[in-house]
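*Asks:* Turn this into a structure:
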Amino acid sequence: MNGDTAVDLCVIGAGSAGLSVAAVAAQLGVRTVLIERGDMGGECLNTGCVPSKALLAAAHSAHSVRSSGRFGIEAAEPRVDFAAVGRHVHGVIAAIAPHDSVERFEGLGVEVVRTEARFLGPRRLAAGNRTIAARRIVIATGSEPAIPPIPGLDGVPHLTNETIFDLKELPAHLLIIGAGPIGLELAQAFRRLGSSVTVVEAATALPHDDPELAGGLVGLLKAEGILLYDRTKIIAAERTAAGIALTVEGQQHRIEGSHLLIAAGRKPRVETLDLDRAGVAHGPQGITVDRRMRTTARGVFAIGDVAAGGPRFTHAASYQAGIVIRNALFRLPAKADYTALPWVTYTDPELAQVGLTEAQAREQHGDGVAVTRFPLADNDRAQAERTTEGLIKVVALGNGRILGASILAPRAGELVHLWALAIGQRLRLSHIAGMIAPYPTLGEIGKSAASEFYKPKLFSRWTRRAVRVLGWLP
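*Replies:* Take a look at the predicted model:
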């Protein structure tokens, strides 16, 4: 290792996962090198969570103007300046970027190397014209859009989440391949901004969410004018005079549009790492890790989207970073547990899920599962705001222990926090039913759903008889 730069910790990738590890390690006095070949902040800041939510906020504003008549307020159809919308999106990125910047991390004591990394051997890396030997290495290189093997697609101009936020003009008709969270969020955003939108999905929309609530959301998106073909295989893609055409199964039906967005999943970024030289096992789904986020190579960890088998969310990556810190630096045998991991599709209304869906719960617990629901239409705040489409659905054991919750509602991502805590702490519905909730709030639907669970017992024949007997007491 003569001539190597020797460090305690080397982190490859400056996305959410890598930055979390590097920041904590440096502040603990660990000599840390962070290697990043692209933009600081990774996908989440530059081409994922942040720009998509900024675009959705603009689209929501346009929709609010368009739908203000339900409150007795007449407004003209909004004029969308798409170039200004783009400036808003990139302005949001710029406002958050300093938190992930080279300057901030160097201020924390991290040495930031802006180049590509590849393994030379166990715990030894090449970074540009340098070699780095590290006691511990964390691979956090993230993922990139997966391009499906559709005949003709390689000859058709297409967008991904890495390029769509750089559009200068609003698409006349946006075709989207994929009805996962990314596809549906952007479908609604562009539809509300004025584009025609068609979504094609080979399987089922939002397959990881509860089908009852996912189906409700799909119905609402269709009501806004989004065309959605699920269980539809695309057999060809081609250029046309107007833009792009997709040929789908079923009498060779053609769908034509001006722009094409591919949102058909992700693949891990591992190609340039030379993982085999370090003995790091990997496959199409990413790097093999155990519950402690350890790879098959001693002293090497993998977290975030590049890790196989785990959830691909920014908050999951940050959680995994904490697991690595405890294992690599404190030598504590911490293990990842996703039992109470929530996720959200940020459409309007939002769809949030934590814990088991009803189908998963019944598969694990059989007839011991109870389901309780409460519709938004019965919530006073939802009525006041004319946002009554949606519900909360809670899955529990017969004793009331909460197994999972699904919420279709405005700001469902804010409402799901309570249920993540409840599942993580193994609480019962009685704890939620006994909570004092402020009135009128959307959050009351949680208390109402919990109370629904106990109504059959509360108003049973035996309870009524007990009340009559107790009424005779002095």
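*Asks:* Residues contacting the longest helix seen in the chain, please?
*Replies:* Under DSSP state H, the helix in the chain containing the largest number of residues is helix 49-66. With CB atoms under 8 Å, 6 or more residues apart in numbering as the test, helix 49-66 has contacts from 44, 75, 77-78, 80, 85, 88-90, 92-93, 96, 161, 165, 182, 185-186, 188-194, 314, 346-348. In this view, the C-beta of every residue, glycine as well, is placed from N, C-alpha and C.
*Asks:* same check, this time on stretch 124-139
*Replies:* The contact list for stretch 124-139 (CB under 8 Å, 6+ apart) reads 1, 3-13, 17-18, 21, 33, 35, 113, 115-120, 123, 273, 278, 280, 287, 295, 299-303, 306, 324, 328-329.
*Asks:* Which among the residues you listed count as buried?
*Replies:* 5, 7-13, 17-18, 21, 33, 35, 113, 116-117, 119, 123, 273, 278, 280, 287, 295, 299-303, 306, 324, 328-329 (16 or more other CB atoms under 10 Å).
*Asks:* Which ones among those residues lie within strands?
*Replies:* If you go by DSSP state E, the buried ones among the contacts of stretch 124-139 have 5, 7-12, 33, 35, 113, 117, 119, 287, 300-302 in strands.
*Asks:* contacting residues around the strand or helix carrying residue 44?
*Replies:* Assigning secondary structure by DSSP states H and E places residue 44 in helix 42-46. Around helix 42-46, the neighbours that count as contacts under CB under 8 Å, 6+ apart are 13-16, 18-19, 39, 48, 50, 93, 96-97, 100, 142-144, 161-162, 305, 314.
*Asks:* Just the ones in helices from those residues, please.
*Replies:* Under the assignment DSSP H, these contribute 16, 18, 19, 50, 93, 96, 314 to helices.
*Asks:* number of nearby residues for residue 350?
*Replies:* Residues contacting residue 350 under the criterion other CB atoms under 10 Å number 22.
*Asks:* Please tell me I have it right and it contacts residue 410.
*Replies:* Yes. The criterion here is CB atoms under 8 Å, and residue 350 meets it with residue 410 at 6.8 Å.
*Asks:* And for residue 84, the neighbour number?
*Replies:* The tally of other residues near residue 84 (other CB under 10 Å) stands at 10.
*Asks:* element containing it?
*Replies:* Using DSSP H and E, the element containing residue 84 is helix 82-96.
*Asks:* quick one: average pLDDT of that helix?
*Replies:* Averaging pLDDT along helix 82-96 yields 98.
*Asks:* buried sites along stretch 363-381?
*Replies:* By neighbour count on 16+ other CB under 10 Å, the buried set for stretch 363-381 is 365, 369, 370, 371, 372, 373, 374, 375, 376, 379, 381.
*Asks:* which other residues reach it?
*Replies:* 356, 358, 361-362, 382-383, 387-398, 403, 408-409, 429, 439-442, 444-445, 448-450, 452-453.
*Asks:* Would you mind listing which of those are buried?
*Replies:* Burial by neighbour count, 16+ other CB under 10 Å: within the contacts of stretch 363-381 this picks out 356, 358, 361, 382, 387, 389-396, 403, 408-409, 429, 442, 444-445, 448-450, 452-453.
*Asks:* So which of these are in strands?
*Replies:* Among the buried ones among the contacts of stretch 363-381, DSSP E puts 391, 392, 393, 394, 395, 396, 403, 408, 409 in strands.
*Asks:* Pipe those residues into a markdown table and attach distance to residue 28 and pLDDT per row.
*Replies:* Listed next are those as a markdown table, based on distance: CB to CB, whole Å; pLDDT from 0 to 100:
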| residue | distance to residue 28 | pLDDT |
| --- | --- | --- |
| 391 | 45 | 98 |
| 392 | 41 | 98 |
| 393 | 42 | 98 |
| 394 | 40 | 98 |
| 395 | 40 | 98 |
| 396 | 40 | 98 |
| 403 | 37 | 98 |
| 408 | 42 | 98 |
| 409 | 40 | 98 |
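*Asks:* longest strand of this structure?
*Replies:* The chain, longest strand under DSSP E: strand 130-139.
*Asks:* okay, now residue 203: neighbour count?
*Replies:* Using other CB under 10 Å, residue 203 has 12 neighbouring residues.
*Asks:* Just list the residues touching the nearest residue to it once chain neighbours are set aside, thanks.
*Replies:* Nearest-residue entry for residue 203: residue 231, 6.7 Å, with adjacent residues in sequence omitted and distances by CB to CB, 6 or more residues apart in numbering. Counting by CB under 8 Å, 6+ apart, residue 231 touches 201, 202, 203, 204.
*Asks:* Of the residues you listed, grab the buried ones for PyMOL.
*Replies:* A single PyMOL command selects the buried members of the contacts of residue 231 (16+ other CB under 10 Å):
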select buried, resi 201+202
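*Asks:* For the spatially closest residue to residue 298 that is not a sequence neighbour, give me the pLDDT.
*Replies:* Among residues not flanking residue 298 along the chain, residue 122 sits closest, at 7.2 Å (CB to CB, 6+ apart). At residue 122, the model reports a pLDDT of 95.
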